[in-house]
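S.K.: kindly return the folded structure for what I paste below:
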Amino acid sequence: MLAFFKKGHATSCGAPQNPCSCPRLYVFTGLLAVLAGGIQVMFGYWSSLALLSDGLHAGADGAADFLVAIIAIHVLRNPHLEQVLEDGGRKVVALMLAASAAWVVWEAFDRALIGTNAVVPWILALGGIGGASVDAYRLYLLRRAQEMAPNGMRRGLIAHARSDMYRSIIAATVGSILVGGELVVKTVRFESAISYLDLILSFGLSLYMFYLAKGIWCGEHTHVHTREDCGHPPH
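M.R.: Below you'll find the model as predicted:
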């Protein structure tokens, strides 16, 4: 287990020539993605609605990565169920994203009407740093595995991990800049402007999540991978 935490697939998988037969890696990196999203949601709830929105997106994305890895493994064992598993997995992912987006919209309207939305820069920065750290470790494990036995599924997971990490870094950077800005320009007008910008960004992220959910549900964009993505010929 210690070797797995340090090097991932390279030393822990008993079947490196069959990369999709190593569910432990995919389960673990999927849980890491959910953890990174959870960190952002926790810190974002108290510091920035935009960070909370991104955390929900990252968490739903991580849960999707976890789900599609399991689906891909089941497809390899039951090729005749491939279409059923892919369609079901795609709709579950779409519903998760849509539900997350709906919560963001509800929270944004509630805070806007009551006037309770406030950005806390130092908490925003900590949330971004925490999420980026977990995402960086997840990206490291997936890249190590990809170097040994490349496949399409893991390439997609690497792209998700990289984009999640970059967004966390942006959140950490913005939080750090705002900390400095508050020290220099600590006025009610400055804090109000940041609060409104935070609400606008959260609405934008929620619309993007709805767009992704629609595309996934309709099959225009998919998180669910096929046998070919796992390095196996179609049945």
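
S.K.: please name the nearest non-neighbouring residue to Thr173.
M.R.: Using C-beta to C-beta, 6 or more residues apart in numbering and skipping the chain neighbours, the partner closest in space to Thr173 is Gly128 (7.3 Å). Where you see a C-beta, it was placed from the backbone N, CA and C, and this is true even at glycine.

S.K.: any idea how far Ala136 lies from Arg162?
M.R.: Note on Ala136: its distance to Arg162, by C-beta to C-beta, to the nearest Å, is 10 Å.

S.K.: centroid residue for this structure?
M.R.: Ala58 (2.3 Å; C-alpha atoms, centre = their mean).

S.K.: state whether the residue nearest to Thr173 and Ala172 are indeed in contact, as I suppose.
M.R.: Yes. The pair Gly128 / Ala172 is scored as a contact, 3.0 Å apart, by C-beta atoms under 8 Å.

S.K.: who has more neighbours out of the two?
M.R.: Gly128 (29 against 21; other C-beta atoms under 10 Å).

S.K.: which ones are touching that one?
M.R.: Gln40, Leu51, Ser168, Ile169, Ile170, Ala171, Ala172, Thr173, Val174, Gly175 (C-beta atoms under 8 Å, 6 or more residues apart in numbering).

S.K.: quick one: residues contacting the last one.
M.R.: The reference is to Gly175. Applying C-beta under 8 Å, 6+ apart, the residues near Gly175 are Ser47, Ser48, Pro121, Trp122, Ile123, Leu124, Ala125, Leu126, Gly127, Gly128.

S.K.: give me the nearest residue to Leu31, chain neighbours excluded.
M.R.: Leu31's closest residue in space is Phe66 (C-beta to C-beta, 6+ apart), at 6.7 Å.

S.K.: any idea how far that neighbour is from Leu205?
M.R.: Taking C-beta to C-beta, one finds Phe66 at 21 Å from Leu205.

S.K.: more neighbours: which of those two?
M.R.: Each of Phe66 and Leu205 has its neighbours counted (other C-beta under 10 Å); Leu205 has more, 23 against 20.
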